[in-house]
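# please find the sequence and the predicted model below.
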Amino acid sequence: MSTDWNATHLPDLSGRTAVITGANSGLGIITAQALARAGMHVVLAVRDPDRGRTAAATVTGSTEVRRLDLADLASVRQFAASWQGPLDVLINNAGVMMLPQRQTKDGFEMQFGTNHLGHFALTNLLLPHITDRVVTLASIAHRRIGAIDFDDLHHTRGYDPTRAYAQSKLANLLFTLELQRRLTLAGSPVRALAAHPGWASTNLQGHVGNPLARLSLLIGNKLMAQAPEAGALPTLYAATHDLPGACYVGPKGFAELRGTPTLVGRSPAASDPEAAKRLWTMSEELTGTTFPMTLEHSQPS
């Protein structure tokens, strides 16, 4: 791929539709702007429709704003039930980072519940409509832990916001791995891919709960981070290029912090098929959603 690939190199996306979660700010709105400029109809799936409409006003092209609160499974179900017609690309972009301990409306640890379980449920419920691919945003932070703590997914035995965030991002990669396995077994042409932005300067770091950690990250934004326009490139590449299922796209620069998008590796923990299956089963139980039977040509083992 070109060493200077950027959003101006997107193909013509006219006639296609994308849903982007958390598209009212940060990487989400940058991604929406780029896809809409290329001709795509972009649905901004956001918790606050007023903020979503303000963000949509900055987009040149066809947009739509719909309410979606990933920390509330009732909202996820309502969003999915209202969907009609084909959906080419689902971009699971929304996320929270290193928050003080709190729970979703369904009682899940907030980072795991929002970053993983909300997207898990949304994807399964929308899969009958999806025609092309699912792109889920992960993070280099997934490397900070060696495995999912299946005995304490919600950190009830002690809460570390950094570890909780890392576990949610590891879950994103295991979800992508198992989703692709199931799609392949079902004979579906839909692909599951993951992407990460490197270190991109967005408002996400400003919401970190610990004041010292927040200050450190904000200083890092000034000294090390790339612009959000660059941070969105791996997502845009994963959403529009002919790439293999289960692949992972990130910046090609030092430590994957910045640079043009390329295929990158993941930790051994994020490549464990048995852990991916176990996480999927537990996520089904927690969310009450499953891989659609209409896609199952054969039963996954």
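Looks like it arrived, so ask away.
# now do the SS call for residue 131.
Counting by DSSP: H, G, I helix; E, B strand; the rest coil, the backbone at residue 131 sits in strand.
# ugh, wrong one, I meant residue 242
Following three-state DSSP, the label given to residue 242 is coil.
# could you shift the numbering so residue one becomes 136, and keep it that way?
Yes, from this point I'll number from 136; that puts the last item at residue 377.
# burial count for it?
5 (other Cβ atoms under 10 Å). Placement of C-beta: from N, CA and C, glycine included.
# do the one 4 residues further on as well
Other residues within reach of residue 381, judged by other Cβ under 10 Å, total 21.
# then residue 427?
Neighbour count for residue 427, taken as other Cβ under 10 Å: 17.
# how close does it get to residue 322?
If you measure residue 427 against residue 322 using Cβ to Cβ, to the nearest Å, the figure is 13 Å.
# one more: residue 153?
Using Cβ to Cβ, residue 153 is found at 24 Å from residue 322.
# residue 141 too?
From residue 141 to residue 322 the distance is 35 Å (Cβ to Cβ).
# any low-confidence regions in the chain?
Across the chain, the ranges flagged by pLDDT under 70 are 136-138, 336-360, 431-436.
# re earlier: the more surrounded of residue 153 and residue 322?
Neighbour count, other Cβ under 10 Å: between residue 153 and residue 322, residue 153 has more, with 25 against 10.
# residues contacting the residue lying closest to that one once chain neighbours are set aside?
Nearest residue to residue 153 in three dimensions, chain neighbours excluded: residue 224, at 4.2 Å (Cβ to Cβ, 6 or more residues apart in numbering). Residue 224 makes contact with 151-154, 175, 265, 267-270, 374, according to Cβ atoms under 8 Å, 6 or more residues apart in numbering.
# what about residue 224, is that helix, strand or coil?
Three-state call for residue 224 (three-state DSSP): strand.
# and it, bridged to which residues?
Beta-bridge pairing for residue 224 (DSSP bridges): residue 153, residue 268.
# got the CA positions of stretch 183-198 in PDB?
Output of stretch 183-198 as PDB, limited to C-alpha atoms (Å, rounded to 0.1, in the frame of the first residue of the first chain):
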ATOM      1  CA  ASP A 183     -27.200  12.300  22.500                       C
ATOM      2  CA  PRO A 184     -29.100  13.000  19.300                       C
ATOM      3  CA  ASP A 185     -28.700  16.800  19.700                       C
ATOM      4  CA  ARG A 186     -24.900  16.500  19.800                       C
ATOM      5  CA  GLY A 187     -25.300  14.100  16.900                       C
ATOM      6  CA  ARG A 188     -27.200  16.600  14.800                       C
ATOM      7  CA  THR A 189     -24.600  19.300  15.600                       C
ATOM      8  CA  ALA A 190     -21.900  16.900  14.400                       C
ATOM      9  CA  ALA A 191     -23.800  15.900  11.300                       C
ATOM     10  CA  ALA A 192     -23.900  19.600  10.300                       C
ATOM     11  CA  THR A 193     -20.200  19.400   9.800                       C
ATOM     12  CA  VAL A 194     -20.500  16.500   7.300                       C
ATOM     13  CA  THR A 195     -20.700  17.200   3.600                       C
ATOM     14  CA  GLY A 196     -22.900  14.400   2.200                       C
ATOM     15  CA  SER A 197     -25.800  12.200   3.200                       C
ATOM     16  CA  THR A 198     -26.200  11.600   6.900                       C
END
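# what's next to that stretch, contact-wise?
Stretch 183-198 has contacts (Cβ under 8 Å, 6+ apart) with 158-160, 164, 167-168, 170-172, 174-179, 181, 199-202.
# give me the distance from it to the chain's centre.
Distance, stretch centre to chain centre, for stretch 183-198: 20 Å (Cα atoms, centre = their mean, to the nearest Å).
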